[in-house]
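Trainee: Everything below, folded, please.
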Amino acid sequence: MANTNGIGGFSYRSLLALTWPQFMMMLLQMLIGFTDVYVAGRIGSSVQAAMGMVLECFFMMIIIASTTSNGMLATVGQSVGAQKYVRAQRYAGMGIMIAIAVCFLLIFSVYFNRNLILNLIKVPEEIQPVGIYFLNVILLTLPSHYMLVLSGAIFRAYGKVWIPLCAIAIAFVINVFCDFGFGLGYFGLPAFGYKGIAWATFFSVSAAAVFNVIVLIKLGLISRKSLVGWRWIKKGAPYLIKISIPTFIMQVFWNMGYIVLYMVTATLPSDSINAVAGLTTGLNIEGILYMPGAAFSMTAAIVVGNLLGARKVTEARKAVARILKVGTILMCCVALGLWFLAPLISAKVASDQYVAAHALTYLRFNICSTPFTMFSIILNGCMVGAGATRYNLIANTGSTWLVRLPIAYLFGHVLWQTSTGVFMSMLISQVFLSSTLFYVFKYKDWPRFAMIKAEARTKTGHANVG
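Mentor: Below you'll find the model as predicted:
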């Protein structure tokens, strides 16, 4: 970054310095989800199931923000690595404007089709009123979610990883207080049940988003120069779109895959509602493994973007290799501890023993997949930083639709007819995904997708943008 700006080469020390704040941020995000599931479980398994299925709709709606943030992480990060700071501001501003405009279109579209959406994802009729309420509040929260995701990407591109951590810490404190206070009636507050959980999300995310926007302006990472005109958009948008479109398609199919996985689970021959609640519980507990992996992935994207922006291709490859080594070893140690704690954690979080049994089965399979999961997550981040998102599209979509879902249906509905078959499919698909991405990392010319390559070929275009 500017004068390294947080990246001191690619030593283990500098990589860990970038990772630990993001690790803590992911941990707090996991605890937020854990708290929501825990409080929902105290209210009832039906609330857990409804919240889990509606959250899959939310993940679909947040796709534009996450795909644009990946594009911004690459474009802003490479611009900062090349010391083109005006260009970095303009890419940040353009990304925010595009994403927020789409956000409001989504809000109106989903609001007038709520019942249809819940029916399409097979939300059981008896829990649809709860699902509708969660969906309404999620729509109100969506602009804040977008700003939180986009602003976090800008900070990370500059290496200022402690600022998103502060924002998530604010969200965590508010969410926990409101969950227990207005969800269960702690602290002498009125208990609103599942409605309290929904509004806890609204207030916590909104506060964190406001904090990030204020700091962005104070530090000058966005300014009047971020309000780009049509002439600059014509020059700068093609590369952002080139990165974002594969990510968008990938995340659509990835999240649709999870919705289909929920549908496969919800239509199992027996004990389907407990199986869905167990899947929801397991997914949130699994955050102990997944979220730290996401932190290493973000570090890979930051470092690769900056080093490729500075035309240091060999150093970028070495940095990713080191991140793979450190991240996988650390998280396998965490997974080993989680294996022994999984029965206790499942029993504490789940609403009853039947949900706990499904959640434990889910966790066992996903703990076994830890080394494969870490490789796939980190290499996804590497490709994002390089702008080589088409590889992520091919690998992730293939692993979900050609491996995970067919196996989930075959073992869940045809052979075993239990949730065990569904959950086993996730382990098998992670082995496929990590193997594919590692092949790309080792044998494909993924650095050629970086913006600096285009600059080397021509002195026009992005070299002159900004």
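Trainee: ok, which stretches of the stretch 301-450 of the chain are helices?
Mentor: With DSSP state H, counting those that start in this stretch, the ranges of helices along the stretch 301-450 of the chain come out as 313-349, 353-368, 370-386, 389-398, 405-409, 419-443.
Trainee: Just give me the neighbour total for the closest residue to L307 other than its chain neighbours.
Mentor: Closest residue in space to L307, ignoring its immediate chain neighbours: A316 at 4.1 Å, by C-beta to C-beta, 6 or more residues apart in numbering. No exception for glycine: its C-beta is placed from N, CA and C like everyone else's. Neighbour count for A316, taken as other C-beta atoms under 10 Å: 27.
Trainee: any idea how far E286 is from G257?
Mentor: 16 Å (C-beta to C-beta, to the nearest Å).
Trainee: Oops, could you answer that again for Q417 instead?
Mentor: Distance from Q417 to E286, by C-beta to C-beta: 24 Å.
Trainee: Which residue of these two possesses the greater neighbour count?
Mentor: A count of neighbours by other C-beta under 10 Å puts E286 above the other of Q417 and E286, at 22 against 13.
Trainee: Assess the claim that the more buried one and Y362 are in contact.
Mentor: Yes - E286 is within contact range of Y362, at 7.5 Å (criterion: C-beta atoms under 8 Å).
Trainee: What does the pLDDT read for the residue lying closest to V304 once chain neighbours are set aside?
Mentor: In this structure, V304 finds its nearest non-sequential neighbour in G385, 3.2 Å apart by C-beta to C-beta, 6+ apart. pLDDT for G385: 89.
Trainee: Likewise for the one 10 residues further on?
Mentor: At A395, the predicted lDDT confidence score is 94.
Trainee: With adjacent residues omitted, what lies nearest to it?
Mentor: T436 (4.2 Å).
Trainee: was I right about that neighbour contacting T397?
Mentor: No - if you go by C-beta under 8 Å, T436 and T397 don't touch, sitting 10.7 Å apart.
Trainee: tally of neighbours for the residue nearest to A395?
Mentor: Using other C-beta under 10 Å: T436 sits among 18 other residues.
Trainee: just S435 next, same as before
Mentor: S435: 14 neighbours (other C-beta under 10 Å).
Trainee: check contacts around F23.
Mentor: M291, P292, A295, F296 (C-beta atoms under 8 Å, 6 or more residues apart in numbering).
Trainee: Any quick PyMOL command for the buried ones out of these?
Mentor: Buried members of those, defined by 16 or more other C-beta atoms under 10 Å, are picked up in PyMOL with:
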select buried, resi 291+292+295+296
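Trainee: Distance to F104 added to the contacts of F23, as a markdown table?
Mentor: Below are the contacts of F23 laid out as a markdown table (distance: C-beta to C-beta, whole Å):
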| residue | distance to F104 |
| --- | --- |
| M291 | 29 |
| P292 | 34 |
| A295 | 31 |
| F296 | 34 |
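Trainee: Next, work out how far apart the residue nearest to V304 and G81 are.
Mentor: 10 Å.
Trainee: same question, F134
Mentor: For F134, the distance to G81 - C-beta to C-beta - is 41 Å.
Trainee: and if you look at F112?
Mentor: 44 Å.
Trainee: Now do the buried residues in stretch 153-171.
Mentor: 153-161, 163-168, 170-171.
Trainee: low-confidence ranges in this protein?
Mentor: Flagging of the chain using pLDDT under 70 yields the residue ranges 1-11, 121-122, 271, 284, 287-289, 349-351, 452-466.
Trainee: can you give me the strands in it?
Mentor: For the chain, applying DSSP state E gives no strands.
Trainee: How much space separates Q128 from G185?
Mentor: 25 Å.
Trainee: More neighbours: those two, which one.
Mentor: Q128 (18 against 14).
Trainee: count of neighbours near the residue lying closest to I407 once chain neighbours are set aside?
Mentor: Nearest non-adjacent residue to I407, counting by C-beta to C-beta, 6+ apart: S425, 3.9 Å away. Residues lying near S425 (other C-beta under 10 Å) number 23.
Trainee: Also K242?
Mentor: Neighbours of K242 (other C-beta under 10 Å): 18.
Trainee: wait, it sits on A450?
Mentor: No - K242 sits out of contact with A450 when judged by C-beta under 8 Å, with a separation of 11.3 Å.
Trainee: just to revisit the earlier point, how about the residue nearest to I407, what does it touch?
Mentor: V403, R404, L405, I407, A408, F411, G412.
Trainee: Now do the contacts for the second one.
Mentor: Contacts of R404 were listed using C-beta under 8 Å, 6+ apart, and they are G257, L261, S425, M426, I428, S429.
Trainee: cutoff 7 Å now
Mentor: G257, S425, M426, S429 (C-beta atoms under 7 Å, 6 or more residues apart in numbering).
Trainee: same check, this time on the fifth one
Mentor: If a contact means C-beta under 7 Å, 6+ apart, then A408 has L261, V264, G421, V422, S425 as its contacts.
Trainee: How many residues are close by the fourth one?
Mentor: What it means is V422. Based on other C-beta under 10 Å, the number of other residues close to V422 is 28.
Trainee: now it, nearest residue through space, not along the chain?
Mentor: G412 (4.1 Å).
Trainee: any idea how far M426 is from that neighbour?
Mentor: Distance from G412 to M426, by C-beta to C-beta: 11 Å.
Trainee: Leaving out chain neighbours, which residue sits closest to A74?
Mentor: G387 (4.8 Å).
Trainee: The stretch 151-300 of the chain: helices as residue ranges?
Mentor: 162-178, 184, 194-219, 230-266, 272-285, 287-309.
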